[in-house]
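# Quick one: sequence plus predicted model below, questions after.
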Amino acid sequence: MLLTKGQRSPVEFATKVAESRYFCVPSKHSRDEFVYLGGFEKCERDFLLERDTFPFLTLELITSGSGSLSLGDRKHQASPGMCFCGGPDIAFQLQSDNKDPLEKFFIVFGRDAFPARTHPKELYPGCVYQGVDPMVLRKWGELILEEGISQSSRCSENVSSLIDVLIRKISDDAEESLPAQGTDALVAKALRVIDSGFQTIRSAQELADLLGVSPEHLCRAFRRSQHATPYQVLTRRKMAHACTLLKLSPLTIQEIADSVGFSDAFHFSRAFKKQYGMPPSGMRRSVK
């Protein structure tokens, strides 16, 4: 359904926007919940959006203009073809260049959409993709917006399908924009493989096999580039996803452990506590 900026929305819209179109796919279970919410925003010259955290996973697609992005502890030049996600415990600041204001689409995933097991696993709070064709982002952003404001009885299902295609296109374009040679390219490719397959990859050996290199060679490349082993990076990715599920989903701790490749809940709890300083049950209680 179409939302205007003055209408009641489940989330707060940005200010300093010159032009906007918004949609909301409401939940069938509660009038106060939504499945997807999003839209298009043409930012004003002094546009600035700052959040210390945000309770939902949010995907932002920059299609035009320039600016600066701070996401967690990383800073980026915001430019056409950049995609990134905000979410719980991720400090976020997006500022538009006053000479070349940003234009962007965004999608907010409600609790009914996240964390379904079919949810695109390439998306997680803090991820950044660059080198995506801006025309691809604009095309699919418009399609999602158009379907989102429709009154179709299958609106939610259709929006979900369109988002799945968008994520595959983002992933493919980002992969093609990576360096072609060298250790940095290997690590970049390994990180992409981890992002797309962390739920099923269980060891550095499995990761090395998928990349067609020896575990020793992969470990040396990671130590030079990431100052960590491949398994440490893989485990951090698993635990980050688990943390998001604990905060945003109704899944049990055992179901979450299974979803990130831990059949043993005790082993999962120990790994989670090592990463976050508290057990999974403590993390869940902290957000209630």
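Okay, I see it. On a predicted model such as this, the values are computed, not experimentally measured, just so you know.

# in the stretch 151-288 of the chain, what spans have low per-residue confidence?
173-184, 287-288 (pLDDT under 70).

# need the strands for it, in chain order.
With DSSP state E, counting those that start in this stretch, there are no strands along the stretch 151-288 of the chain.

# Helices of that one, start to end?
155-176, 182-197, 204-211, 215-225, 230-248, 253-259, 265-276, 280-286 (DSSP state H, counting those that start in this stretch).

# other SSEs contacting the first one?
So the one you mean is helix 155-176. Packing partners of helix 155-176 (3 or more CB pairs under 8 Å, 6 or more residues apart in numbering; DSSP states H and E): strand 17-26, strand 34-43, strand 128-129, helix 134-148, helix 182-197. In short, each C-beta sits where N, CA and C put it, glycine included.

# mind checking which of these is nearest residue 61?
When those are compared by CB to CB, helix 134-148 sits nearest residue 61, at 4.3 Å.

# about what we covered before: do you know which of the helices and strands packed on helix 155-176 lies nearest residue 82?
Checked against CB to CB, the stretch from these lying closest is strand 128-129, at 7.0 Å.

# who does the closest one pair up with?
Partners of strand 128-129 in the sheet, by DSSP bridges, are strand 83-86 (antiparallel).

# Residue 43 contacts residue 98, correct?
No. Look at residue 43 against residue 98 with CB atoms under 8 Å: they stay out of range, at 10.1 Å.

# most tightly surrounded among the helices of the stretch 151-288 of the chain?
helix 230-248 (a mean of 21; mean count of other CB atoms under 10 Å).

# Let's see that one as CSV, backbone CA atoms only.
The C-alpha trace of helix 230-248 is given here as CSV (Å, rounded to 0.1, in the frame of the first residue of the first chain):
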residue,chain,number,x,y,z
PRO,A,230,39.7,-18.1,7.9
TYR,A,231,38.0,-20.1,10.6
GLN,A,232,37.9,-17.1,13.0
VAL,A,233,36.3,-15.0,10.2
LEU,A,234,33.8,-17.7,9.4
THR,A,235,32.9,-18.1,13.1
ARG,A,236,32.4,-14.4,13.5
ARG,A,237,30.1,-14.3,10.5
LYS,A,238,28.1,-17.2,12.0
MET,A,239,27.9,-15.6,15.4
ALA,A,240,26.9,-12.2,13.9
HIS,A,241,24.0,-13.9,12.1
ALA,A,242,23.0,-15.8,15.2
CYS,A,243,23.0,-12.5,17.2
THR,A,244,20.7,-10.9,14.7
LEU,A,245,18.4,-13.9,14.9
LEU,A,246,18.3,-13.8,18.7
LYS,A,247,17.3,-10.1,18.5
LEU,A,248,14.8,-10.2,15.6
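
# picking up where we left off before, how about the helices of the stretch 151-288 of the chain in JSON lines, adding distance to residue 32?
Below are the helices of the stretch 151-288 of the chain laid out as JSON lines (distance: least, CB to CB, whole Å):
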{"stretch": "helix 155-176", "distance to residue 32": "16"}
{"stretch": "helix 182-197", "distance to residue 32": "33"}
{"stretch": "helix 204-211", "distance to residue 32": "42"}
{"stretch": "helix 215-225", "distance to residue 32": "45"}
{"stretch": "helix 230-248", "distance to residue 32": "16"}
{"stretch": "helix 253-259", "distance to residue 32": "25"}
{"stretch": "helix 265-276", "distance to residue 32": "30"}
{"stretch": "helix 280-286", "distance to residue 32": "22"}
